[in-house]
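Undergrad: Any chance you could fold what I've pasted below:
(chains A and B)
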Amino acid sequence: MYFLAPACFLFALVLVVVSGVIRQFRPSAILLISGCGIIFGCSVSAMLENTWFVNLPYFLPEGSFALQMDAIAAWFLLPMSLLPPILMVYGEGHWGKTNPLLAQRYRLLLGFATASLLIIPVAAHAIFFVLAWELVAIFGFLLIIAGDTSDKARHAGWIYLASSHASVMCLIAAFCLMATANGGGFFATLPVGWAHTGAGKACFLLFTIGFAIKSGISPFHFWLPEAHGIAPCQVAAFSSGLVVKIGLFGFFRLLMWVPDPPLWWAGCILLLGVLSALLGAINSVVQKDYTRFLAFSTVENMGVVAIALSIAFAGKSLNQPVLMALGIAGGLVHVLNHCIIKPLLFLTAGSILRITGSRNLELLGGLAKQQPRLAFSFFLGAVCICGLPPLFGFVGKWIILLGAFEGFTNSGWIWSAIAMSAVIFAGSLSVIAFARTFGIAFLGESRYFRPKKTSIPTLMKRPMLILVLFAVAISILPMILPPTLQPVLNLYDQTNTTMNPFPFFLNIVPIGQLWFLTCLLVFLGAFLWWRVKKTVIRHQPTWDCGYAKNSPRIQYTASSFAQILRDLFSVVLLHKKAPPNTKGVFPAPSQFSTESHDMMLHNGLNPAFRGSAGLLARLRIAQGGLLPIYLLYIVITLLALLAWTLA
Amino acid sequence: MLTAELPFLALLLAHLAVAIFVPPFLFGIIAKVKALVAGRKGPPLIQSYRNIAKLLKKQIVLSMTTTWAFLAGPIALVVTGLGISMVIPMGGTESPFGFSGDMIFVAYLLGMSRFMSVLASLDTGNSFEGLGAARDATWSALAEPALFLGMGAIAFFSGHTSLGPAFFAVGSTWGNASGPFILVLAGWSIVFLVENSRIPFDDPAGHLELAMVHEVMLLDHSGPLRAFAIYGASLKLLVTGTLLVRICLPIKSVWWLDWPAYFGGLALLALFIGLLESVLARMRLIRVPQLLVAAILACTFGFLLLFLEPK
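TA: Have a look, this model is predicted:
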């Protein structure tokens, strides 16, 4: 009976892979749904303390095919098994009729990417983990460039591929260092005190860079807006919703492995998190392209989770169980929030793109009247991802902020005041950003553009409906969160040998009282709505401020809405204005344009790479292009290593 | 949840009664003070009640451009205001629905009302309302860190993240840490003025000539919607004013002294706004962020000073 759960898991993985290979949509969808369903079941059963570990036969000389299912893996597997079928159906709805070949390619890549993604949380050996990680990067790259063969898309995919490999390189080095402490590649709790040695410090920094690149945490976020801003929306939903989470998962694992993290680790992660939350939020306010805006919002949310992680790390190093529990729980709830809501937003954005054919926010407007359901799902997503009550997004932010307050009031970690301010400020900026995007795209009148009469296929609508239902269900019953979080907290509690035990979760987070009050307010709002709705009698045009020639083009635009913030933060945004040339008595027709760039890519990486390109080009001498030469290098390296070991 | 002095139900009724009946009165005081300073007689104190009652009886004329978001804006303003009034401690030490972390709930309810009012303004398609919404949202966002650093200072001082016990601790030991709390009070006063769009941030008196923030967001609201918007704005004045009053009230005694002291504090606050609006003009727009940065700095210094003071 013990092998039943792992066998099911492996069987489900095979189903997922096979689902990608099959050509017809229906059987392939059924296979993917059943495979992911089985894995969903496996994770639920792992939540109920049915954890397992297997070490299967392996064909390579080094490494091991070891799988370990525990509560934290199960928490990440829940959304990872829920979303891929939804995205596959959406993709079929999007491409199935117009471009069957592309739809098929998408299914193939999605199946492979999902299978490799599902391995990561349960991998229990470093080499196996890195292999799966690498596969995710490659299939992710192929997915991003799948729909678009333009130069821009290829370039974005290229940046993604390069940064993914930088991340893998850091991870390989870090795992090698960790293997010296653990005596092998198997994941295990590190020896006490090792984190304070030189190797431990280097290992932490490498892990941080590797995981931060993968999850798009500043200053390593440069690839994310490029890739997710240009990829097909269902691919962006997959990458933003799931792939970036594996970097965060890495941090959660690291927190488990290290028994005594130094306090500066927490400070380091806090710094990255604050940078990411603020940069992401500020950038998201000024974007004109709504998919790019969603990508920057991902950067912001990853920053918020990183801040939660820093609180958890600080709790562990200061031996403050309440602080650590709040950090972990807040981070996990926010991860869940982002896993469900960001794909919902991206899928909605994909539907807007299908109807309007433009990614430019300035051309849109008035979509809520033509597509009320689309408007509702975007509205719901916006409220939830900004963490506003009454939806469950608030619960995550609330727990994180409770942790931040706990840090400086009772646990003696003063820096959590910075965590608090950053989460709050980023949150209020994202409220502006989402209000702006929703208001400009869905409300008012259509600006330049008359929507096509195309309707959205059912296969695209249903996936969004399922995500909306999930978000609403968790929001109505947030009480299901504490019992799901408890096994994860228990896991961290058990692996803590040097710490005081965690308090009971509901004692520190009074979720019931919050829920009660929120329910009262929602009912009050519904009642007032009903009353007001009855008294509407007449419809008239909007008051036009006395302007004689009314037109939708005089509406406030997205750029003007963001103008104050853009000018305030112009240093970070690299904002450029091309003013109109209206000199002289009879000026010629002229144009005014503004654009903002990502600071990290334009002022940091691009110049750095351009600068070093000339220098590195000299190394080309070593690249002969002939296979024997490369084999020769390997021989020389091996000989050198042999000489080193003998000496 | 139950307090020693007042049973829960009485506390709940008291909070509800204050939240429903007192706010328009504050507008009345402000208008009266401004009139008296200008040498006029001014409207009676209950004029705002009359306006609201009249508007509630009217019917609504809607713009053809609008959708559900337009109706939701004023409703959200009222609902979030009532929600805040349920967790904020008014006269006594406790609030009817206080829980640990309700400070955060208050801030996010303010965020929700801001989100909905921005949507309602953009929904009309009127560029004037969009402009007001952009300014309102931007400035409130910049004021938010100041609000939270002040709350952080109070939480650090008292060890509580629930407003009721936190303010109680502050009120009973003001003498120990008066310096930091004066700084927090200064910062919060600026936050208070900007959240309610009062002078020097916005002039609510002149409708279209001078008002550029809150008033312009209400151009298309009529009937009960306008009543909700006016009442919601006054409710916001009450709850944000309560924060200021509670941080100032130094002693805690029996309830029949505490509640009148609280009302006295609110009246003084309204008087203060009236005087301020009589002697000051609206600030130039580009200066506004500077004042908000001053608010953030004041609260930050207050917070940092607390680490030096004995607890």
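
Undergrad: Tell me which other helices or strands the strand or helix carrying residue A:310 touches.
TA: Per DSSP states H and E: residue A:310 is located in helix A:290-317. Judged by 3 or more CB pairs under 8 Å, 6 or more residues apart in numbering or on different chains; DSSP states H and E, helix A:290-317 is in contact with helix A:198-215, helix A:223-230, helix A:233-238, helix A:245-257, helix A:263-286, helix A:321-356, helix A:393-409, helix A:416-442. From N, CA and C alone the C-beta is placed, and that goes for glycine too.

Undergrad: okay if I get those helices as JSON lines plus mean pLDDT, mean neighbour count and distance to residue B:90?
TA: Output for those, formatted as JSON lines (pLDDT from 0 to 100; neighbours: other CB atoms under 10 Å in any protein chain shown; distance: least, CB to CB, whole Å):
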{"stretch": "helix A:198-215", "mean pLDDT": "95", "mean neighbour count": "21", "distance to residue B:90": "44"}
{"stretch": "helix A:223-230", "mean pLDDT": "90", "mean neighbour count": "27", "distance to residue B:90": "46"}
{"stretch": "helix A:233-238", "mean pLDDT": "94", "mean neighbour count": "29", "distance to residue B:90": "46"}
{"stretch": "helix A:245-257", "mean pLDDT": "94", "mean neighbour count": "22", "distance to residue B:90": "42"}
{"stretch": "helix A:263-286", "mean pLDDT": "95", "mean neighbour count": "24", "distance to residue B:90": "34"}
{"stretch": "helix A:321-356", "mean pLDDT": "94", "mean neighbour count": "26", "distance to residue B:90": "29"}
{"stretch": "helix A:393-409", "mean pLDDT": "94", "mean neighbour count": "28", "distance to residue B:90": "23"}
{"stretch": "helix A:416-442", "mean pLDDT": "95", "mean neighbour count": "26", "distance to residue B:90": "24"}
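
Undergrad: closest one to residue A:105 among those helices?
TA: Closest approach to residue A:105 among the helices and strands packed on helix A:290-317 (CB to CB): helix A:233-238, 11.4 Å.

Undergrad: ok, residues contacting the closest one?
TA: A:83-84, A:87, A:90-91, A:94, A:106, A:110, A:113, A:140, A:143-144, A:146-147, A:227-229, A:291, A:294-295, A:342-343, A:346-347, A:349-350, A:353 (CB atoms under 8 Å, 6 or more residues apart in numbering or on different chains).

Undergrad: Pick out the residue of chain B closest to chain A.
TA: residue B:130 (2.6 Å; CB to the nearest CB).

Undergrad: residues contacting that residue?
TA: Shown in contact with residue B:130 (CB under 8 Å, 6+ apart): A:439, A:555, A:556, A:560, A:561, B:121, B:122.

Undergrad: Now the two most distant members of the residues you listed.
TA: Across those, the two lying at the largest distance from each other (CB to CB) are A:560 and B:121, at 13.0 Å.

Undergrad: Between these two, tell me which one has more neighbours.
TA: Using other CB atoms under 10 Å in any protein chain shown, the more surrounded residue of residue A:560 and residue B:121 is residue B:121, with 33 against 16.

Undergrad: where are the low-confidence patches of the stretch 101-250 of chain B?
TA: B:173-175, B:177, B:205-211, B:250 (pLDDT under 70).

Undergrad: quick one, helices of it?
TA: Secondary structure of the stretch 101-250 of chain B (DSSP state H, counting those that start in this stretch): helices located at B:102-123, B:127-158, B:163-172, B:178-195, B:223-248.
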